[in-house]
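**Q** Just to be clear, the model below is a prediction. Sequence and coordinates:
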Amino acid sequence: MGKAVLVNDKDNVVTAVSEVRANEEVSYQVGSETRWIRANEDIHYGHKLALTKVAKGNVIIKYGEIIGRAKVNIQPGQWVHTHNADETYTPSK
Amino acid sequence: MEFAGYVRPDGKVGARNHVGVIATVGCVNEIVLSICHQIKGTVPVTHQQGCLTVSSDLEQVQQAIINLGKNPNLAAVLLVALGCESVFPEEIKAEIAKTGKPVELITMQEIGGSIKTVAQGCEVAERMVLEASEIHRQEVSASKLIVGCKCGSSDATSGLSSNLVVGEVCDLIVKEGGTFLFGEVCDIMGSEQILARRAANKEIGQRIIGAVNGLIARAAAIGADVVGCQLTEGNKKGGLTTVAEKAIGATTKSGTTSPQGFINYGEVAPTNGGLWIIPTPGRGFENLTGLASAGAVVHLFTTGLGAPEGHPIMPVIKLTGNINTWNRLNTHMDFNVSSIIDGTETAKEAGKRLVAELLKVASGKLTKAEVLRYDESMNILTYGPVI
């Protein structure tokens, strides 16, 4: 069984705090409640997995804020990183 | 909420009662260190500045030296000058003296060499330490506290645990009427629009964005892309996907309240409470000095892999959410928040625990960086070229 951390209730990703194997059930806390998500693939410590489906072009939310945008459709339990998420930050003019 | 601090003649409250031996220019660092190694109760304030930089940087350095001297963690100040520096030692002395604390100035080229200057400095420092030892701690409101923060040698646990805990402390200190200082420009970069939206007014927001744009422009002036290199290969390997993610994770240290103002590097924060933004760099030497010159008397330093540095003027509390770092570098780590990664404690709960520790340190409990004397390296920020 794997372990992950949800930072903010609005987030659509959690961050693995164990080395997660494909098809492993991963637990995370929402307040005092423990929830589970099945990992679709191997996910390294410190990397993110999607909690919900994120359609191409939709935003990735962590800390309750937008941290990136899906380049492709992302499924629940899938690894979220630079291969399937884009930068949203551009410096202010 | 209270702590036992040293109430200074200007009404500010220190967490320490050091005699500061301050170099006006990097050329006298050796003299400062010799005096401090000889006289118990002194702290050496050394740096690489004070000469041969552009005038705006000299002004910033002079301002920072003055305000380091004014920091209420110093009971008295011995200024060590060379004699030909580009900052003005007499002006520095006069400004620090306005706080009402004892200040003396010795000049190496006038005294005639380092041996005699060290001897004279030791005599002054001995007297200052003896006088300072008669000042006692008093219970004061936590609203008198000025707290700084930064993150260093971060890893995946930083944004998930220790930075969030510092954010909780920031909110709690601000709620008590205390002052919290935040601002590593490199780490704000990517979250400056979010922080600016949170600011108490539009002008503060514009200055936050301006600080980030200033860093981008300074890098561009020498052909470097500071945004492009912000997310390192190591960051990506560790799981960070975007600059925004890295920045927001770092900015969580500033809690949820509105920034009440923005001060430049070297300036002093007002003592009317709230979250204030100061454009310090990420590098510890200049960062910690910027916060100490702004008046911070205690510092919260989050780390993932184990950054060891303290600062001569401020106690620096090291906290980590990485259990391996807590165990392996335990002689450097003051506070463990790996419970958040384990899911056995919330950031809110750990924040209350950290406030209690902060008040203890502000009241005299030593940090490991102080005990290890891992707190002598420092520098003052300059923006322009060395000439």
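**A** Received, thanks.
**Q** Residue B:300 belongs to a helix?
**A** No: read with DSSP: H, G, I helix; E, B strand; the rest coil, residue B:300 is strand and lies in no helix.
**Q** how much space is there between it and chain A?
**A** Distance, residue B:300 to chain A, using Cβ to the nearest Cβ, to the nearest Å: 19 Å. (Glycine included, C-beta is placed from N, CA and C.)
**Q** so that residue touches residue B:147, yeah?
**A** Yes: at 6.5 Å, residue B:300 and residue B:147 qualify as touching, with contact defined as Cβ atoms under 8 Å.
**Q** Run through who's touching the helix or strand hosting residue B:289.
**A** For residue B:289, the host element (DSSP states H and E) is helix B:284-293. Residues from elsewhere that reach helix B:284-293, judged by Cβ atoms under 8 Å, 6 or more residues apart in numbering or on different chains: B:47, B:63-65, B:67-68, B:71, B:73, B:148, B:150, B:152, B:181, B:184, B:265-268, B:278, B:280-281, B:299, B:307, B:309-311, B:313-314, B:316, B:377-381.
**Q** re the thing from before, can you pull the residues that touch both of residue B:300 and residue B:147?
**A** Common neighbours of residue B:300 and residue B:147 (Cβ under 8 Å, 6+ apart) are B:169, B:358.
**Q** Now do the domain split for chain B, please.
**A** Annotated domains of chain B cover B:18-132, B:142-370 [automatic domain parsing].
**Q** Using JSON lines, lay out these together with mean neighbour count.
**A** Output for the domains of chain B, formatted as JSON lines (neighbours: other Cβ atoms under 10 Å in any protein chain shown):
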{"stretch": "domain B:18-132", "mean neighbour count": "21"}
{"stretch": "domain B:142-370", "mean neighbour count": "21"}
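**Q** Which pLDDT value goes with the residue lying closest to residue B:370 once chain neighbours are set aside?
**A** In this structure, residue B:370 finds its nearest non-sequential neighbour in residue B:315, 5.8 Å apart by Cβ to Cβ, 6 or more residues apart in numbering or on different chains. For residue B:315, the pLDDT comes out at 98.
**Q** do the one 10 residues further on as well
**A** Residue B:325 is assigned a predicted lDDT (pLDDT) of 96.
**Q** repeat for residue B:292
**A** Residue B:292 is given a pLDDT of 98.
**Q** separation between it and chain A?
**A** 29 Å.
**Q** again with residue B:50
**A** 33 Å.
**Q** What is the three-state secondary structure of that residue?
**A** coil.
**Q** surely it meets residue B:88?
**A** No: counting by Cβ under 8 Å, residue B:50 sits too far from residue B:88 to count as a contact (10.2 Å).
**Q** how near is the residue of chain A at minimum distance from chain B to residue A:72?
**A** Nearest to chain B, among the residues of chain A, is residue A:46, at 2.9 Å (Cβ to the nearest Cβ). Distance from residue A:46 to residue A:72, counting by Cβ to Cβ, to the nearest Å: 22 Å.
**Q** more crowded one of those two?
**A** residue A:46 (20 against 13; other Cβ atoms under 10 Å in any protein chain shown).
**Q** and the more buried one, what does it touch?
**A** Contacts of residue A:46 by Cβ under 8 Å, 6+ apart are A:15, A:16, A:17, B:155, B:156, B:238, B:239.
**Q** Each with direction, which strands does the helix or strand containing the first one pair with?
**A** Here residue A:15 is covered by strand A:13-16, with elements defined by DSSP H and E. Sheet partners assigned to strand A:13-16 using DSSP bridges are listed as strand A:2-5 (antiparallel), strand A:48-50 (antiparallel).
**Q** so can I have JSON lines of these showing mean pLDDT and mean neighbour count?
**A** Listed next are those as JSON lines, based on pLDDT from 0 to 100; neighbours: other Cβ atoms under 10 Å in any protein chain shown:
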{"stretch": "strand A:2-5", "mean pLDDT": "95", "mean neighbour count": "22"}
{"stretch": "strand A:48-50", "mean pLDDT": "98", "mean neighbour count": "25"}
